[in-house]
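Peer 1: coords please:
(chains A and B)
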Protein chains: 2
Amino acid sequence: MKKTRVNEVLDRLERMGLEQMIITDANSIFYLTGIWVDAGERLVALYLGRHRDDCFFVNNMFTLPPNPGVKTVRFSDTDPYLQMLADCTDHAKPLGVDKNMPARFLLPLMSMGCGTEYVDASICVDGARAVKDEEEMEAMRRISAINDRAMAEFKALLKEGVTEREVSNQIKEIYQRLGADDLSFPPSVCFGSNAAIGHYRCGDVALKRGDCILLDVGCKKDSYCADMTRTFFCGEVSDEEHRRVYELVLQANRAAEAIIKPGVRFCDIDAAARKVIEDAGYGDKFTHRLGHFIGIEVHDYGDVSSANQETARPGNIFSIEPGIYLEGNVGVRIEDLVLVTGDGCEILNSYSKELEIV
Amino acid sequence: MKKTRVNEVLDRLERMGLEQMIITDANSIFYLTGIWVDAGERLVALYLGRHRDDCFFVNNMFTLPPNPGVKTVRFSDTDPYLQMLADCTDHAKPLGVDKNMPARFLLPLMSMGCGTEYVDASICVDGARAVKDEEEMEAMRRISAINDRAMAEFKALLKEGVTEREVSNQIKEIYQRLGADDLSFPPSVCFGSNAAIGHYRCGDVALKRGDCILLDVGCKKDSYCADMTRTFFCGEVSDEEHRRVYELVLQANRAAEAIIKPGVRFCDIDAAARKVIEDAGYGDKFTHRLGHFIGIEVHDYGDVSSANQETARPGNIFSIEPGIYLEGNVGVRIEDLVLVTGDGCEILNSYSKELEIV
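Peer 2: Okay, the predicted model is just below:
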């Protein structure tokens, strides 16, 4: 059990007027207990109470470490496990639940009357997860360093004639050789105009001279996620607009990173990058928010967007990923992960951002 | 919109005393509409009503085909989309919801009073999905045929000295070359005593003479999932008990498949396989249910277990996968997918089940 993190969540619950919460999301449970249980359709739940014992409910089918540091209740598929969970809550108080709790658990818990009302209190966990502690910062530095080294190896695969899928299929093995556990998301390997298609993953198109090459890739280690994008060109930059677009995206990336420090609003970080691109007349070609928070999940709660008026805090880690997408032509995105420090920020990715021709 | 499937769900709802349901599970929405929307944290919802228009709620961010065949409501992240969804239900009637609807949707819908009560009505969709129609049977035959051909290629990779991970890393590419879209689950490639470890995926152990080799693998095409297990031996069967265990598992697999026809109880199918293994004294080494339903998900609702007293119906498709696991020694499992027909069953996998030495 990670006591400091649990106390932070309890404090946040108190500020919402809540004394108790049930968490069923595996990522949040890992954050609070340090224990991964991939339970599929089965119940895994962590009960947190200000005035009651915390309690961890885990099906017998899953192995727990010898000293989980929290009272545990084990059960089998045939036990009345939701009733057992309901029995441990304070029925005379409102109950926080996490945003992902599925109806098959929530509806029975409600009919058992385990609280006076039911509140989506995820923000208390998500808000705590948005501020990384030292252990998490170290994990994010380690995994981002692997991502940097891997990018150099991916670049070496980019020869005329290779297909997107051939590159994509080698990515996981390269990550594992460099010490990662797994991918953090399916890689995007996009050649030429495919780089302008949102959420494109890969296809059977072969690399040809003059293509841009957009690689949006990430790996996972010790349950933390990396995420980085670089854009290369094959053989030459065949069109002066492509070079201009690249330099604009790079300038936008640097403009945003230059102003990141505690107290700066996320909407202002987004605006710093967007202004560079808008001023050059490409505003409508930068079709997404500037970045997202990251940690145990690739998309943790929180973003860097025009809608987010919150301010950056030391320990926040998020992506900065401006892009310009010209349909049927070219797509460029340059993405780093950034950690907010006491007086500025630390860019977690060190792979070069200068225009490279492969 | 798949009208026949929708009507089947509405009929099942009626038998539960319900006239309306909101479905947010992407798999069930695909089953009913033929449209895949991978919405991540965003809302995608299908409203089904006996006396109201069906309605499909999809964020603008996701592309829909030109004629989805159902009234659609599009919205952006800043619209009051849950209120829009609540506005289309009959507030004076109970509302069915699917088992996976997350609290972040369910709690607001409840506070908007969109029904008189809220019922987990997933069984109405899951029950319909358990009986495949012709289009689904064809998809399952196609994908299982690919899995059969792929197994022959995986077998060709099994040379002394190759590691589990080296084999595992080539599986996706082989599937794709044979026409599949993706893996249906991360493959299990287990050498020697690793085959006796439940849910083992792969590691860095190298294949050596005398090892058993358990491959539990599946691919996906047109959104339907394959799943098959075969167990080979490397160089020789070095221990007579290994041969005995193999022949018992094969006999158990065949004993179960021999009795499958409409009207037979799933618990009796499980018992047919289990009896073979129990009679030989290995009952406690067959540590899981005999099989699971499969289709759009690798684990669809429904199973072949001692607890399931339901009877098989034409159109059911499930796995038959007996196993014997001797810790620290050997593991054998032989798994086919089986389709229940009008008067018996069709084994969807044709890859040989005889003991093969590689």
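Peer 1: Find me the pLDDT at the nearest residue in space to residue A:296 that is not next to it in sequence, would you?
Peer 2: Distance criterion C-beta to C-beta, 6 or more residues apart in numbering or on different chains; nearest residue to residue A:296, sequence neighbours excluded, is residue A:27 at 4.7 Å. For the C-beta atoms, the positions are set from N, CA and C on the backbone; glycine is no exception. You'll see residue A:27 listed with a pLDDT of 96.
Peer 1: try the one 5 residues further on
Peer 2: Listed pLDDT for residue A:32 reads 98.
Peer 1: Assign a three-state SS to it, would you?
Peer 2: Recorded secondary structure, residue A:32: helix (DSSP: H, G, I helix; E, B strand; the rest coil).
Peer 1: Would you confirm that it contacts residue A:47?
Peer 2: No. Residue A:32 is not in contact with residue A:47 according to C-beta atoms under 8 Å; the separation is 11.0 Å.
Peer 1: Who are the contact partners of the residue nearest the centre of chain A?
Peer 2: Geometric centre of chain A, nearest residue: residue A:298, 2.2 Å, by C-alpha atoms, centre = their mean. For residue A:298, the contact set (C-beta atoms under 8 Å, 6 or more residues apart in numbering or on different chains) comprises A:184-185, A:218, A:225, A:227, A:292.
Peer 1: Ends of stretch A:216-228, what's the gap?
Peer 2: Using C-alpha to C-alpha, to the nearest Å, one end of stretch A:216-228 lies 6 Å from the other.
Peer 1: Show residues contacting it.
Peer 2: Contacts for stretch A:216-228 (C-beta under 8 Å, 6+ apart): A:30, A:36, A:136, A:139-140, A:142-144, A:146-148, A:150-151, A:154, A:171, A:175, A:178-185, A:187-188, A:190, A:229, A:294-298, A:319, A:333, A:335-337, A:349, A:351.
Peer 1: which among these end up buried?
Peer 2: Among those, those classed as buried by 16 or more other C-beta atoms under 10 Å in any protein chain shown are A:30, A:136, A:139-140, A:142-144, A:146-148, A:150-151, A:154, A:171, A:175, A:178, A:180, A:183-185, A:187-188, A:190, A:229, A:294-298, A:319, A:333, A:335-337, A:349, A:351.
Peer 1: Which of these fall in strands?
Peer 2: Members of the buried ones among the contacts of stretch A:216-228 lying in strands (criterion: DSSP state E): A:183, A:188, A:190, A:229, A:319, A:333, A:336-337.
Peer 1: just those that are near chain B?
Peer 2: The subset of these lying close to chain B, counting by C-beta under 8 Å from any C-beta of the partner chain, is empty.
Peer 1: Dump those residues into TSV; add pLDDT as well.
Peer 2: As requested, those are exported to TSV (pLDDT from 0 to 100):
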residue	pLDDT
A:183	96
A:188	97
A:190	98
A:229	98
A:319	98
A:333	98
A:336	97
A:337	98
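Peer 1: Which two of those have the greatest separation?
Peer 2: Farthest-apart pair in those is A:190 and A:337; separation 20.2 Å (C-beta to C-beta).
Peer 1: related to what we said a few turns ago, which neighbours do residue A:32 and residue A:47 have in common?
Peer 2: Residues touching both residue A:32 and residue A:47 (C-beta under 8 Å, 6+ apart) are residue A:23.
Peer 1: and the residue nearest to residue A:50 when sequence neighbours are not counted, what does it touch?
Peer 2: Nearest in space to residue A:50, with sequence neighbours left out and distances taken as C-beta to C-beta, 6+ apart, is residue A:19 at 4.2 Å. For residue A:19, the contact set (C-beta under 8 Å, 6+ apart) comprises A:13, A:49-51, A:90, A:93.
Peer 1: neighbours around residue A:90, how many?
Peer 2: 16 (other C-beta atoms under 10 Å in any protein chain shown).
Peer 1: In a strand, it, correct?
Peer 2: No. Per three-state DSSP, residue A:90 lies outside any strand segment and is coil.
Peer 1: Okay, and residue A:47 sits in which element?
Peer 2: Using DSSP states H and E, residue A:47 maps to strand A:44-49.
Peer 1: Tell me the first helix or strand C-terminal of that strand.
Peer 2: Going down the chain from strand A:44-49, the next helix or strand is strand A:55-59, by DSSP H and E.
Peer 1: tell me what that following strand is packed against?
Peer 2: In terms of contacts (3 or more C-beta pairs under 8 Å, 6 or more residues apart in numbering or on different chains; DSSP states H and E), strand A:55-59 is packed against strand A:44-49, strand A:71-75, helix A:81-87.
Peer 1: List of residues touching that strand?
Peer 2: For strand A:55-59, the surrounding residues in contact (C-beta under 8 Å, 6+ apart) are A:33, A:35, A:37, A:39, A:42-47, A:64, A:68, A:70-77, A:81, A:84-85, A:88.
Peer 1: Mind doing that once more with 7 Å?
Peer 2: Strand A:55-59 has contacts (C-beta atoms under 7 Å, 6 or more residues apart in numbering or on different chains) with A:33, A:37, A:39, A:42-47, A:64, A:68, A:70-75, A:81, A:85, A:88.
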